[in-house]
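Trainee: Fold the following, please.
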Amino acid sequence: MKVHKALSIDDLRKLAKARLPKVIFDYLEGGAEDEVCLDSNAAAFARHKFVPRYLVDISRRDQSVSLFGQTYASPFGIAPTGMIAMVRPDADLMLARAAAQADVPFVISGASTASIEDIALVAPKSWYQHYPCRDEAMASDLFRRVADAGLMTLVVTVDVPLHSKRERNIRSGWVRPYKPTLPVMLEAARHPAWVLEYLTSGLPFMENYRRYAPPGTNARALTSFYAEQVPTAQSWRTIERIRREWSGTLVLKGIMHPDDAAKAVAAGVDGIIVSNHGGRQLDRSRAPIDALPDVVAAVGNRVTVMLDSGIRRGADVATALCLGARFTFVGRAPAYGVSAGGTEGALRALSILRQELDLVCGQLGCPRTSELNEAWLEAPHRETRPTPHVDAVPTLHANRPEAYVTAGR
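Mentor: Reported below is the predicted structural model:
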């Protein structure tokens, strides 16, 4: 299957899995410990059921959104994915180009392998993700570079107080100092296209930190330098300091508790991304879509509330918007796309989500995504009505599941 033939994000996932060595696919796909959180993130969306309204004029449908002074074509963007160039050289730039072409924001990862400056040239609406680091002077210089590149939104990720235990990566040897086992290397040899790219390009540099490391630091040593900086001790004083230094839009990513959301408002942030890091940090974390209503209730309209983690369908985006998110981000979906087909694959992932969201809204009878709210969802407290008499409704025949036995019509 070619990427342009992919019908769903899962189709792109299968293409990515076929192209990548298992060790790299596992890095992209995996989560923490038992990976319970990966499944619960996605499953939580399916618990919410839509209530459509019909006889509505849906001949013109609009999913554009204004956010922090910018207008985007759809209410979702590309979430940051660290070291994404392991799936394909220059994958960061490919994702940035796809986001620019689709007119949605791209969040530059704090562990990006393309520089802030290079990405800003191809995607000037990009945002920058920052992990609080030990060297505050280095952090200040990073903020300066973001501003000098013309980027206006800083996303501070707060949900990595410690390195997590990602057992898939540990078993395969994909942890510093990166010593894959012999079986892992033999399996990788079955993916010659990826191997050839890796042998040609080598381990990618974390370009945004290269200038701060000692001269002559190679790519492998640079990852160690980064790991010495991140994670570090952080507190609300850290956010207050960043707020004083950064005059642009400030977003906190990783907020899950309503009390933390209220503290974020008090600290002067402009936005919150409800997120559990895609299940890669705390394995038994609550699903963000379940935490979202509590966070929205805690902050109201005082800050912009967004969401990521677990989105695989346009229906998931619609569900988040119904529950109060103003915007959403997707990480693995475009990562599968860029793994499978470069910029074209990333664009296909965004196109699939956009088409699915358009279809869901049309089926709901909601021509503008900006109008989605809880009224389009089944109320969780609604009591189940008594089952009508069998002669009044279609009944599924026990012996023939594919047939319906109806009475009176």
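Trainee: who's in contact with Pro105?
Mentor: Contacts for Pro105 (Cβ atoms under 8 Å, 6 or more residues apart in numbering) come out as 67, 70, 72, 77-78, 99, 125-127, 153. C-beta coordinates here come from the backbone N, C-alpha and C atoms, glycine included.
Trainee: Can I get those residues in JSON lines including pLDDT, distance to Thr232 and neighbour count?
Mentor: Conversion of the contacts of Pro105 to JSON lines gives the following (pLDDT from 0 to 100; distance: Cβ to Cβ, whole Å; neighbours: other Cβ atoms under 10 Å):
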{"residue": "Leu67", "pLDDT": "97", "distance to Thr232": "30", "neighbour count": "17"}
{"residue": "Gln70", "pLDDT": "96", "distance to Thr232": "31", "neighbour count": "14"}
{"residue": "Tyr72", "pLDDT": "98", "distance to Thr232": "32", "neighbour count": "20"}
{"residue": "Gly77", "pLDDT": "98", "distance to Thr232": "27", "neighbour count": "25"}
{"residue": "Ile78", "pLDDT": "98", "distance to Thr232": "26", "neighbour count": "31"}
{"residue": "Ala99", "pLDDT": "98", "distance to Thr232": "29", "neighbour count": "25"}
{"residue": "Lys125", "pLDDT": "96", "distance to Thr232": "29", "neighbour count": "20"}
{"residue": "Ser126", "pLDDT": "98", "distance to Thr232": "25", "neighbour count": "26"}
{"residue": "Trp127", "pLDDT": "98", "distance to Thr232": "22", "neighbour count": "27"}
{"residue": "Thr153", "pLDDT": "98", "distance to Thr232": "22", "neighbour count": "23"}
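Trainee: Any chance of a markdown table for those, columns distance to Leu222 and secondary structure?
Mentor: Converted to a markdown table, those look like this (distance: Cβ to Cβ, whole Å; DSSP: H, G, I helix; E, B strand; the rest coil):
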| residue | distance to Leu222 | secondary structure |
| --- | --- | --- |
| Leu67 | 33 | strand |
| Gln70 | 32 | strand |
| Tyr72 | 33 | strand |
| Gly77 | 27 | strand |
| Ile78 | 24 | strand |
| Ala99 | 25 | helix |
| Lys125 | 28 | coil |
| Ser126 | 22 | coil |
| Trp127 | 23 | strand |
| Thr153 | 26 | strand |
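Trainee: between the residues you listed, which is closest to Val107?
Mentor: Trp127 (4.6 Å; Cβ to Cβ).
Trainee: doesn't Gly150 make contact with that closest one?
Mentor: No - assessed by Cβ atoms under 8 Å, Trp127 is found out of contact with Gly150, at 11.9 Å.
Trainee: and the nearest residue to Pro231 once chain neighbours are set aside, what does it touch?
Mentor: Leaving aside its sequence neighbours, Pro231 sits nearest to Val160 (Cβ to Cβ, 6 or more residues apart in numbering; 4.9 Å). Contacts for Val160 (Cβ under 8 Å, 6+ apart) come out as 131, 230-231, 254, 277, 281.
Trainee: List the buried residues in stretch 4-21.
Mentor: 6, 9, 11-13, 15-17, 19-21 (16 or more other Cβ atoms under 10 Å).
Trainee: Just the residues you listed: which are in strands?
Mentor: Using DSSP state E, no member of the buried residues of stretch 4-21 sits in strands.
Trainee: Among the residues you listed, find me the one that's closest to Arg243.
Mentor: Distance ranking of the buried residues of stretch 4-21 against Arg243, using Cβ to Cβ, places Ile9 first at 35.6 Å.
Trainee: so that closest one touches Ala335, yeah?
Mentor: No - judged on Cβ under 8 Å, Ile9 makes no contact with Ala335 at a distance of 10.3 Å.
Trainee: ok so, going back, secondary structure element holding the residue nearest to Pro231?
Mentor: Using DSSP states H and E, Val160 sits in no helix or strand.
Trainee: Phe76 versus the closest residue to Gln70 other than its chain neighbours, what's the distance?
Mentor: What sits nearest to Gln70 in space, not counting adjacent residues and going by Cβ to Cβ, 6+ apart, is Lys125, at 5.9 Å. Noted for Lys125: a distance of 14 Å to Phe76, by Cβ to Cβ, to the nearest Å.
Trainee: Likewise for Gly150?
Mentor: Gly150 sits 23 Å away from Phe76, going by Cβ to Cβ.
Trainee: And Gly82, by the same measure?
Mentor: Taking Cβ to Cβ, one finds Gly82 at 20 Å from Phe76.
Trainee: Next: Gly202.
Mentor: With distances taken as Cβ to Cβ, Gly202 is found 33 Å from Phe76.
Trainee: Comparing the two, which residue is more hemmed in?
Mentor: Neighbour count, other Cβ atoms under 10 Å: between Gly202 and Phe76, Phe76 has more, with 33 against 12.
Trainee: Wasn't His48 part of a helix?
Mentor: No - read with DSSP: H, G, I helix; E, B strand; the rest coil, His48 is coil and lies in no helix.
Trainee: tell me the contacts of it?
Mentor: Contacts of His48 (Cβ under 8 Å, 6+ apart): 289, 319, 322-323, 377-378.
Trainee: Let's see that with 6 Å instead.
Mentor: Residues near His48 by Cβ atoms under 6 Å, 6 or more residues apart in numbering: 319, 377.
Trainee: Can you report phi and psi for it?
Mentor: His48 adopts backbone torsions of phi -90, psi 130, taken as degrees, to the nearest 10.
Trainee: roughly how far apart are it and Gly202?
Mentor: For His48, the distance to Gly202 (Cβ to Cβ) stands at 45 Å.
Trainee: Repeat that for Gly362.
Mentor: Distance from Gly362 to Gly202, by Cβ to Cβ: 47 Å.
Trainee: For Pro89, grab the count of nearby residues.
Mentor: Neighbour number of Pro89 under other Cβ under 10 Å is 17.
Trainee: so what secondary structure elements neighbour the longest strand anywhere in the chain?
Mentor: When the chain is parsed with DSSP E, its longest strand is strand 249-255. Helices and strands touching strand 249-255, by 3 or more Cβ pairs under 6 Å, 6 or more residues apart in numbering; DSSP states H and E, are strand 153-157, strand 271-274.
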